[in-house]
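Trainee: after the sequence you'll find the predicted model.
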Amino acid sequence: MSDDWRDDWTVLGDPPEKRPPLPRPYPKGGWSPTAKAEWKEWWSSPVASKWIDTDVSNAELLLRMIHNWDSPTVTQAREIRLWKSGLGLTPRGRRYLGWLLPDEAPSAPVVPIEEAPSVRRRRTAEPT
């Protein structure tokens with residue numbers, strides 16, 4: 001099967017109906033605008049509907065990283081990217097988890113490359 005498609009993909013449904021409030025305790029001075037925007041975006045995503053309690057805790061930790069590193073170093077930016085990926089908040093993370101956003105779902109069943117007619121014909125044809 002192609003690396004891009006698996007037969008166990010999950011097409012995500014609607015995002016959670018209710019977004020939880022920003023985590024407490026609030027940082028001194030409140031959450032940064034970037035952190036607030038990220039939190040809202042994450043919970044507006046169908047990805048959040050698949051999160052379990054541990055994922056929510058990780059999202060809260062990620063939010064604190066984003067709040068504290070509004071202009072991250074390269075190392076900090078990599079760490080944020082890795083955490084986002086682990087939560088399914090990046091295309092690569094969703095691919096790893098086997099999740100598709102509703103608009104990414106194929107309109108027709110995906111045929112594994114091994115079963116595509118042109119490949120089958122080549123494998124079963126007599127050598128010339």
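Mentor: Nice, thanks for sending it over. Computed from a predicted structure; not experimentally measured.

Trainee: show the contacting residues for the closest residue to residue 45 other than its chain neighbours.
Mentor: Excluding its sequence neighbours, the residue lying closest to residue 45 (CB to CB, 6 or more residues apart in numbering) is residue 15, at 5.6 Å. C-beta coordinates here come from the backbone N, C-alpha and C atoms, glycine included. Residue 15 makes contact with 43, 44, 45, 46, 47, 48, 49 under the criterion CB atoms under 8 Å, 6 or more residues apart in numbering.

Trainee: can you get me a residue count around the last one?
Mentor: Same thing as residue 49. Applying other CB atoms under 10 Å, we find 14 residues neighbouring residue 49.

Trainee: contacts only, for the residue nearest the centre of the chain.
Mentor: The chain has residue 88 as the residue nearest its centroid, 2.1 Å off, counting by CA atoms, centre = their mean. When contacts are counted by CB under 8 Å, 6+ apart, residue 88 touches 47, 50, 94, 97, 99.

Trainee: just the ones in helices from these, please.
Mentor: Among those, the members found in helices (DSSP state H) are 94, 97.

Trainee: all strands for the protein, in order.
Mentor: Using DSSP state E, the strands of the chain run over residues 10-11, 99-100.

Trainee: residue 43 reaches residue 16, doesn't it?
Mentor: Yes. The pair residue 43 / residue 16 is scored as a contact, 6.3 Å apart, by CB atoms under 8 Å.
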